[in-house]
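>>> Give the three-dimensional model of this entry:
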Amino acid sequence: MTARAAAAEETRHRILSSTLALSGEKSTLEIVLADVAERAGVTTKTILRHFGSRAGLFDAVAEFARDEIVHERVAPVGNIFAAVTAVVGHYEERGDWVMWMLGQENSDDRVRGVVEVGRVVHRDWVATTFRPQLDSTPTADRETVLDLIAIATDVYTWKFLRRDRNLARGDTEQRMRVLVEAIVNRHAAE
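Numbers count the residues shown, from 1 in each chain. Next up is the predicted model:
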């Protein structure tokens, strides 16, 4: 990669990261390109050169956030302990932001789309990460088990335990593991 291409990619990353950070501080409807430019240390013209428009920027940020989230949740397939640790780690980093986005989904179509993608990402993560547990479940129960594990590892479960109950991270992880193990054990093929 040439120095110029590397610099352009670094600038693009800085703009995306800045926009993502701003989206956790104010509603996406309130974010203007000048805010992003100031945060990223670039000009509005630079943002437009990279993304074409505000809409283009927010489309790119949605994809950028999705990729970041997928990366943060990676865990060894079938390992309940590691999976819960990974998802709680992700929520510790982005859970409040996710809750902020969920609060905007009914007033901003763009945010609604991002939230819907997030729901798909979470369900796909459960289907992939807990594949051995799902495979050992009777076929008739697999969708139920998938739904229940998705709930047990959902951001709302994390929020209830960490924010509403004010539990320590370790206690939150322990309770989420108990939920997942109870679901898996209850529905294991006999």
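
>>> what residues are up against the most centrally placed residue in the chain?
By C-alpha atoms, centre = their mean, the chain has its centre lying nearest to I69, at 4.2 Å. By C-beta atoms under 8 Å, 6 or more residues apart in numbering, the contact set of I69 is 90, 94, 118, 121. Bear in mind the C-beta positions are built from the backbone N, C-alpha and C, glycine included.

>>> Same list as before, the residues you listed that is, but in a markdown table and with distance to K26, neighbour count and pLDDT included.
Converted to a markdown table, these look like this (distance: C-beta to C-beta, whole Å; neighbours: other C-beta atoms under 10 Å; pLDDT from 0 to 100):
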| residue | distance to K26 | neighbour count | pLDDT |
| --- | --- | --- | --- |
| H90 | 23 | 24 | 95 |
| R94 | 16 | 20 | 92 |
| G118 | 19 | 20 | 93 |
| V121 | 24 | 16 | 95 |
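
>>> Give me the domain ranges for the protein.
Domain ranges of the chain: 3-61, 73-187, per automatic domain parsing.

>>> Compare these and say which comes out lowest on pLDDT.
Mean pLDDT per stretch puts domain 3-61 lowest among these, at a mean of 91.

>>> so how far does that one reach from one end to the other?
24 Å (C-alpha to C-alpha, to the nearest Å).

>>> ranges for the strands of the protein?
Per DSSP state E, the chain carries no strands over any range.

>>> Can you give the contact residues for stretch 24-31?
19, 22-23, 58, 96-97, 100, 104, 107-108, 110-111.

>>> do the same with stretch 107-125
27-29, 58, 62, 65-66, 69-70, 73, 87, 98, 101-102, 104-106, 146, 150, 153-155.

>>> Which of those are buried? Put it as a ChimeraX command.
Here is the ChimeraX command that selects the buried residues among the contacts of stretch 107-125 (16 or more other C-beta atoms under 10 Å):
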select :28,58,62,65,69,73,87,98,101,102,104,105,146,150,153,154,155
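
>>> so what's the nearest residue to H90 once chain neighbours are set aside up against?
Closest residue to H90 apart from its sequence neighbours, by C-beta to C-beta, 6 or more residues apart in numbering: E72 at 4.3 Å. Counting by C-beta under 8 Å, 6+ apart, E72 makes contact with 86, 89-90, 93-94.

>>> And the helices in the protein, which stretches?
In the chain, the helices defined using DSSP state H lie at 3-22, 33-40, 44-51, 54-72, 80-104, 109-129, 131-135, 142-152, 155-159, 169-187.

>>> And the residue nearest to A65 when sequence neighbours are not counted, how close does it get to V180?
Using C-beta to C-beta, 6+ apart and skipping the chain neighbours, the partner closest in space to A65 is L20 (5.7 Å). L20 sits 29 Å away from V180, going by C-beta to C-beta, to the nearest Å.
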